[in-house]
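Novice: just coords:
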């Protein structure tokens, strides 16, 4: 549309210039009109007209076609597109876009927390026409910024200040899920919402740090006490084990001595029984002939020199008797 208006203006200017230039050169000349300005204006107008019929849409964009400001039912894709001179193409970015802002909210214990947020989002290509028609190109400021802040405030209010500090990932996930549900009806895809920083007043921060130091000191004392208790328990266990080992050693030694005594007693009993049995058998095997045999076997061939009588009343000297006979 701008090209048409500008072309008309150029042609009018060319006509006027064609009428004025001859008069300025020579007032007595019969030439009343110079065609070159008009011809130049026509050439420029044709170039502008052709250019106005070409719309280039970059990759990653959707072209919204409008006719005299009215949104048409169709869109144009990326690349070179031919349109009517009175039409226009508005480029809607379908790539992932990034926005950042800082704000503040209150925790459940009424501590004010300032935070910084990074939002990554994109618009659905099929929804680009409806977004432009119903919201416009400033859809982030129109339909996203407010709901994101409201969702962050609602979620922050569910946590105490201390819990907010250590749960940024959980908070980011919850805010992303909540905002994504709200934006899906517009055709806006929320990729991620990252809560980068959470800060509190200096008074609260100092109180938290003091509490953390106290907790660390308590944990250190408990750890040292637990270590000492464990060492004492280990020492006691080692003493018990050593005592049990000594007791078991003494029992084993006593049992060994008892077994030795028992074996010795059994050996002595066995030896006695064996000797008695042998004596019994010897006694049973002895008779007069055997005794005489052993007696004769051990006799040295000498007769006794004395013989006792049957009543042991006298002693007979056999040696003297032999001497007398001689």
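Specialist: The structure has been received and is ready for your questions. Everything numeric here is computed off the predicted structure, so don't read it as measured data.
Novice: helices along the stretch 201-326 of the chain, start to end?
Specialist: 202-285, 288-298, 318-325 (DSSP state H, counting those that start in this stretch).
Novice: tell me what the longest one is packed against?
Specialist: When you say that, I think you mean helix 202-285. Applying 3 or more C-beta pairs under 8 Å, 6 or more residues apart in numbering; DSSP states H and E, we find helix 202-285 packed against helix 161-165. Any C-beta I mention is one placed from the backbone N, CA and C, and that applies to glycine too.
Novice: now do the helix it packs on, average pLDDT.
Specialist: Mean pLDDT, helix 161-165: 84.
Novice: now stretch 46-55
Specialist: Stretch 46-55 comes out at a mean pLDDT of 79.
Novice: that one: how far from the chain's middle?
Specialist: Taking C-alpha atoms, centre = their mean, to the nearest Å, one finds stretch 46-55 lying 60 Å from the centre of the chain it belongs to.
Novice: just stretch 155-169 next, same as before
Specialist: That offset, for stretch 155-169, works out to 21 Å (C-alpha atoms, centre = their mean).
Novice: and that stretch, which residues are buried?
Specialist: Burial within stretch 155-169, assessed by neighbour count using 16 or more other C-beta atoms under 10 Å, is assigned to 155, 156, 159, 161, 162, 164, 165.
Novice: do stretch 112-132 as well
Specialist: 113, 115, 117, 119, 121, 122, 123, 127, 128, 129, 131, 132.
Novice: any idea which element the residue most central in space within the chain lies in?
Specialist: By C-alpha atoms, centre = their mean, the chain has its centre lying nearest to residue 169, at 13.8 Å. Secondary structure from DSSP states H and E places residue 169 in helix 168-183.
Novice: next, the buried residues of the following helix or strand past that helix.
Specialist: Next along the chain after helix 168-183, taking DSSP H and E as the criterion, comes strand 188-199. Using 16+ other C-beta under 10 Å as the test for burial, strand 188-199 gives 188, 189, 190, 193, 194, 195, 198.
Novice: which strands border strand 188-199, and is each parallel or antiparallel?
Specialist: Partner strands and pairing direction for strand 188-199 (DSSP bridges) are strand 112-123 (antiparallel).
Novice: possible to save the buried residues of strand 188-199 as CSV with distance to residue 106?
Specialist: Compiled in CSV, the buried residues of strand 188-199 are given as follows (distance: C-beta to C-beta, whole Å):
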residue, distance to residue 106
188, 27
189, 30
190, 24
193, 19
194, 21
195, 15
198, 12
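Novice: tell me how this protein divides into domains.
Specialist: Per the record, the chain has its domains at 2-93, 97-200, 203-297, by automatic domain parsing.
Novice: pipe the buried residues of stretch 155-169 into a markdown table and attach distance to residue 44 per row.
Specialist: Listed next are the buried residues of stretch 155-169 as a markdown table, based on distance: C-beta to C-beta, whole Å:
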| residue | distance to residue 44 |
| --- | --- |
| 155 | 59 |
| 156 | 60 |
| 159 | 66 |
| 161 | 68 |
| 162 | 71 |
| 164 | 64 |
| 165 | 66 |
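Novice: need the max-distance pair from those.
Specialist: 155 and 162 (15.7 Å; C-beta to C-beta).
Novice: quick one, strands of the stretch 1-150 of the chain?
Specialist: Taking DSSP state E, counting those that start in this stretch to define them, one finds strands in the stretch 1-150 of the chain at 54-57, 61-67, 70-76, 79-82, 87-93, 97-106, 112-123.
Novice: so which of those strands is the most surrounded?
Specialist: Of these, the one with the most neighbours on average (mean count of other C-beta atoms under 10 Å) is strand 61-67, at a mean of 20.
Novice: mind listing what that one pairs with, with the direction of each?
Specialist: If you go by DSSP bridges, strand 61-67 pairs up with strand 70-76 (antiparallel), strand 87-93 (antiparallel).
Novice: hmm, who's touching it?
Specialist: With contacts defined as C-beta atoms under 8 Å, 6 or more residues apart in numbering, strand 61-67 is touched by 55, 57, 71-72, 74-78, 81, 83-84, 86-95, 125, 128-129, 132-133.
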